[in-house]
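> below: sequence and its predicted model.
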Number of protein chains: 2
Amino acid sequence: MMMMIRSELDSTLSEVDDDERYGLSWRLAVETNNTERPWKTVPLRCYKHVENYMVGGQYQLDMNIIVDQIVFYAKSHIPVPSNKDAWIFDVDDTCISNVPYYKANRFGCEPFDSTMFKAWINKGMCPANPVILRLFKTLIQRGFKVFLVTGRYEETLAKITTDNLHNQGFIGYQRLILRSGEYKGMSAVKYKSSIRKEIENEGYRIWGNVGDQWTDLQGDSLGNRTFKLPNPMYCIS
Amino acid sequence: MMMMIRSELDSTLSEVDDDERYGLSWRLAVETNNTERPWKTVPLRCYKHVENYMVGGQYQLDMNIIVDQIVFYAKSHIPVPSNKDAWIFDVDDTCISNVPYYKANRFGCEPFDSTMFKAWINKGMCPANPVILRLFKTLIQRGFKVFLVTGRYEETLAKITTDNLHNQGFIGYQRLILRSGEYKGMSAVKYKSSIRKEIENEGYRIWGNVGDQWTDLQGDSLGNRTFKLPNPMYCIS
């Protein structure tokens, strides 16, 4: 009897271990853009792994090391920025975080529910990503012009987004650009490329481009360097 | 006295845990191309993490999930390849593996020693990456033309590389392209872009481009999709 229980326990532990290892592989594939695009939901067997990753500290550590790299790059390559030296930041899960929403929705294992997600966004309560807020302040303090570029619709979300950014400490950016009517229905890559091109046409040099989605970091006018922040919860096309 | 020992043990365990967490962050930053480029050596505190990753099974699992994605992509997008439908594969740590060499050299924590590395290569004993050999055979069997493109010098390494690939089962590829004299000293990105452009100029469509270095997957004529294989041991510029 004892042996049975022991063996059942071993088998359960081994499944947990297998799921953890699979979760690691799946997340690496997502972060390196090796998966079929766009993927729809987090595989159910990765739920515990993604949950532990997002709230157990590793996500914050991973962000930290990237921000250290960004600050090092900015300091060593552009020691004295001019007023045309720019950075591009994405908004959702770059500057401000939807982790509280995804925490209540099994970290991306549930199919995306746009009504519920809009209700969350409209609360204007996305907390700052503290590591990115530190980066944002550092770059602005050094003299860079920071442009926030988001796929959120201008018509309906301009006010709440501005308010949310401000109440979380994102103050002093050059411009917040939301998706206006002319870009409605356009893919994220095309929309964000057009916006970056416009910024370049105004004479800005884009030194860095920071986002949690590969679609933030593909296309044209990418900037001198791109930086991929982790996000194993969802994928935008 | 007991308390002292206990507390020392806790502190050692906590350092191990910190190094493991740092190793995870560092490796993710490398694989997503967020680090300063090219990085020279693996940080010493990541040694145990990288060793465990490379030989403890996770590296093979990570390769497996990527190859599954590649096979899925190839089957669903190009069900019946023509004789101009091509794939590009890198050689070192893509088709054949230098893990035995790096195992003897602290997995990249030692500065790169080109003399010792050349001596290893010249043995012609790099083992196949079994997961990539499976992919290679699957693509060829489906009718794709596979081009192997390597930064190894043609003048000195053509024979040993051909022999090594063959003795490890890489048979049936369309062409093995090594770095000829005209490309000497050129960056990997420029050299590999030129080669891919030539392949396209011959009328081939590059559907996929598979390599362990970001320099395999940047530049021009990249192909319809690129796939980044893991390699936390070294970085080529």
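Nice, I can see it.
> so which bits of chain A are right by chain B?
Contact residues, chain A versus chain B (Cβ under 8 Å from any Cβ of the partner chain): A:21-22, A:24-26, A:28-29, A:31-36, A:57-58, A:61-62, A:64-66, A:69, A:72-73, A:227-228, A:230. (Glycine included, C-beta is placed from N, CA and C.)
> 6 Å - rerun?
Residues of chain A found near chain B (Cβ under 6 Å from any Cβ of the partner chain) are A:21, A:25, A:28-29, A:31-32, A:34-35, A:61-62, A:65-66, A:69, A:227-228.
> quick one: which of the residues you listed sit in helices?
A:21, A:25, A:28-29, A:31, A:61-62, A:65-66, A:69 (DSSP state H).
> where exactly do the helices run in chain A?
With DSSP H as the criterion, chain A has helices spanning A:2-31, A:47-55, A:58-77, A:99-103, A:114-121, A:130-142, A:154-167, A:188-201.
> now render those helices as JSON lines, adding mean pLDDT and mean neighbour count.
Converted to JSON lines, the helices of chain A look like this (pLDDT from 0 to 100; neighbours: other Cβ atoms under 10 Å in any protein chain shown):
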{"stretch": "helix A:2-31", "mean pLDDT": "81", "mean neighbour count": "14"}
{"stretch": "helix A:47-55", "mean pLDDT": "97", "mean neighbour count": "18"}
{"stretch": "helix A:58-77", "mean pLDDT": "97", "mean neighbour count": "18"}
{"stretch": "helix A:99-103", "mean pLDDT": "97", "mean neighbour count": "17"}
{"stretch": "helix A:114-121", "mean pLDDT": "97", "mean neighbour count": "13"}
{"stretch": "helix A:130-142", "mean pLDDT": "98", "mean neighbour count": "18"}
{"stretch": "helix A:154-167", "mean pLDDT": "98", "mean neighbour count": "16"}
{"stretch": "helix A:188-201", "mean pLDDT": "98", "mean neighbour count": "18"}
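> out of those, which is closest to residue B:121?
Closest approach to residue B:121 among these is made by helix A:2-31 (27.7 Å; Cβ to Cβ).
> who touches stretch A:168-183?
The contact list for stretch A:168-183 (Cβ atoms under 6 Å, 6 or more residues apart in numbering or on different chains) reads A:95-96, A:128, A:133, A:140, A:145-154, A:158, A:191, A:195.
> what mean pLDDT does it have?
Per-region confidence: stretch A:168-183 scores 98 on mean pLDDT.
> ok, and for it, which residues are buried?
For stretch A:168-183, a neighbour-count test (16 or more other Cβ atoms under 10 Å in any protein chain shown) marks A:168, A:170, A:173-174, A:176-179, A:183 as buried.
> show me these that map onto strands.
A:176-179 (DSSP state E).
> redo those residues as JSON lines? Include distance to residue A:83.
Formatted as JSON lines, those follow (distance: Cβ to Cβ, whole Å):
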{"residue": "A:176", "distance to residue A:83": "18"}
{"residue": "A:177", "distance to residue A:83": "18"}
{"residue": "A:178", "distance to residue A:83": "23"}
{"residue": "A:179", "distance to residue A:83": "26"}
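> ok, these vs residue B:220, which is closest?
Checking these against residue B:220 by Cβ to Cβ gives residue A:177 as the nearest, at 29.4 Å.
> mind checking how far the closest one is from residue B:157?
For residue A:177, the distance to residue B:157 equals 50 Å [Cβ to Cβ, to the nearest Å].
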